[in-house]
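okay, predicted coordinates and the sequence, questions at the end:
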Amino acid sequence: MSTLIDLPFGPPNNDTMWHDLWPLLAAWKPWKQTVQRACKKQLLQEKLASEVKSYHTNIVRELEIFGGEVWSEEDVIAEDTVSFRCPTCTQCFPSCQQLALHAFRQHGVVAQERHYVQSTVCPG
């Protein structure tokens, strides 16, 4: 809960700390609302993560059905490539993501996945 909201006390680590915490918790008036807010945030984060995973799985599946080549993180790490070369010009980049950003900014190349998302801004 302390990762979701600011608490007026630290998390207890032993029995003595729990014993000392109960009076503080009883005196802390908004504890019910705080717990409810933390639970609501947790559920929203879990829902968002689940939706992102579902969208990603469906996009990858559809790209593969239509002949798209989708690299997994393991494929990129497994390759013993020091740099990623731009097929249009002579520039090289240390990561696939940097190459994709360069291709978009310099050459107007749009990733295939972009056609399947509603917005380029993450709702999280």
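Cool, got the structure.

ok, K47 to E64 distance?
Distance check for K47 against E64: by CB to CB, to the nearest Å, it reads 26 Å. C-beta here means a position set from N, CA and C on the backbone, and glycine is covered the same way.

low-confidence ranges, the protein, go.
When residues are selected by pLDDT under 70, those of the chain lie in 1-5, 8, 73-82, 123-124.

for it, what spans make up the strands?
84-85, 92-93 (DSSP state E).

so what's F93 bridging to?
Judged by DSSP bridges, the bridge partners of F93 are F84.

for it, which residues are in contact?
By CB atoms under 8 Å, 6 or more residues apart in numbering, F93 lies in contact with S83, F84, C86, L99, H102.

which helix is the longest one in the chain?
Looking across the chain with DSSP state H, the single longest helix is helix 31-65.

okay, buried residues for it please.
T34, A38, I59 (16 or more other CB atoms under 10 Å).

what does stretch 101-108 give?
Per 16+ other CB under 10 Å, stretch 101-108 contains these buried residues: H102, A103.

gap between E69 and W18?
55 Å.

ok, these two, which is more surrounded?
W18 (12 against 8; other CB atoms under 10 Å).

surely P94 is in contact with H102?
No. Taking contacts as CB atoms under 8 Å, P94 lies outside contact range of H102: 11.4 Å.

filter the contacts of F93 to the buried ones?
Members of the contacts of F93 classed as buried by 16+ other CB under 10 Å are F84, L99, H102.

ok, the last one to A38 distance?
I take that to be H102. For H102 relative to A38 (CB to CB), the value is 41 Å.
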